[in-house]
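[1] Predicted model and sequence below, questions to follow.
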Amino acid sequence: MRNKRIMVDMSLTILHHGHIRLLKKAAKLGDVIVGLTTDEEIKNKKGYVPEIPYEQRKEILEAISFVKEVVPTPWEINENILEEYNIDKLFHGNDNSNKINEEKLLIVDRTPGISSSKLRKKAANSLVQKKNKKLMLTPGPAAILYDNIEHLIPLFGRGDDEYSEISTKVLDWVLELSGQDQIIHSQ
């Protein structure tokens with residue numbers, strides 16, 4: 001008789017103890033198959049390219065003793081994914097939005113006080129605190145606020161077609177307005 005195949009779906013953009021606890025709980029029920037969200041899906045759903053690319057996130061997961069297998073998945077898990085990988089149950093935190101049959105779903109409480117988003121914000125705040133210790137000789141505020149960075153991240157240098165198109169239009173307008181032959185774009 002084969003072990004039950006338990007899928008835990010995650011993005012794992014930043015590994016933390018909540019992930020380990022979830023995997024450990026799932027391993028008590030059978031073989032853990034991690035449905036790892038692809039880079040493109042993270043970019044589409046969360047609006048940014050993950051800090052760690054898919055292959056490296058997969059390597060991290062494969063090094064964890066609770067994990068039997070890692071497979072690429074979209075953001076949302078459906079019945080077709082479960083069938084494709086011969087999954088008996090989807091094991092997910094209580095923030096589940098996957099639309100699958102309830103008899104194939106096991107919901108557990110998330111680890112309180114931790115998430116990749118909270119860690120990302122904490123890291124950004126640490127960088128802001130470090131940068132604010134240096135004297136800034138600029139017009140305007142003398143300190144960088146995390147809120148400024150947080151709201152600029154989706155806009156500057158995000159590298160998508162919309163950004164490139166807007167950037168080109170603005171730079172062409174500035175070039176025409178300034179009367180110069182050339183301008184240098186920097187952020």
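    Arrived safely, thanks for sending.
[2] residues touching the residue nearest the centre of the chain, list them.
    Nearest to the mean C-alpha position of the chain, by CA atoms, centre = their mean, lies residue 13 at 4.3 Å. Contact partners of residue 13, counting by CB atoms under 8 Å, 6 or more residues apart in numbering, are 42, 46, 50-52, 57, 116, 120. Using the backbone N, CA and C atoms, a C-beta is placed for each residue, glycine as well.
[3] out of the residues you listed, who's nearest residue 87?
    residue 57 (19.6 Å; CB to CB).
[4] Could I get the full set of strands for this structure?
    Per DSSP state E, the chain carries strands over the ranges 5-10, 31-37, 67-73, 89-93, 105-108.
[5] tell me what the third one is packed against?
    So the one you mean is strand 67-73. Applying 3 or more CB pairs under 8 Å, 6 or more residues apart in numbering; DSSP states H and E, we find strand 67-73 packed against strand 31-37, helix 54-62.
[6] from the ones you listed, which stretch is densest packed?
    Counting by mean count of other CB atoms under 10 Å, strand 31-37 has the highest mean neighbour count of the helices and strands packed on strand 67-73, with a mean of 24.
[7] can you give me the mean pLDDT across that strand?
    Strand 31-37 shows a mean pLDDT of 97.
[8] Show me what that strand pairs with in its sheet, parallel or antiparallel.
    strand 5-10 (parallel), strand 67-73 (parallel) (DSSP bridges).
[9] most packed of those?
    strand 5-10 comes out most buried of the strands paired with strand 31-37 by mean count of other CB under 10 Å, with a mean of 23.
[10] Give me the contact list for that strand.
    Contacts for strand 5-10 (CB under 8 Å, 6+ apart): 19, 22-23, 26-27, 29-37, 73, 77, 81-82, 85-92, 98, 106.
[11] quick one: low-confidence ranges for this protein?
    128, 130-160, 163, 184-187 (pLDDT under 70).
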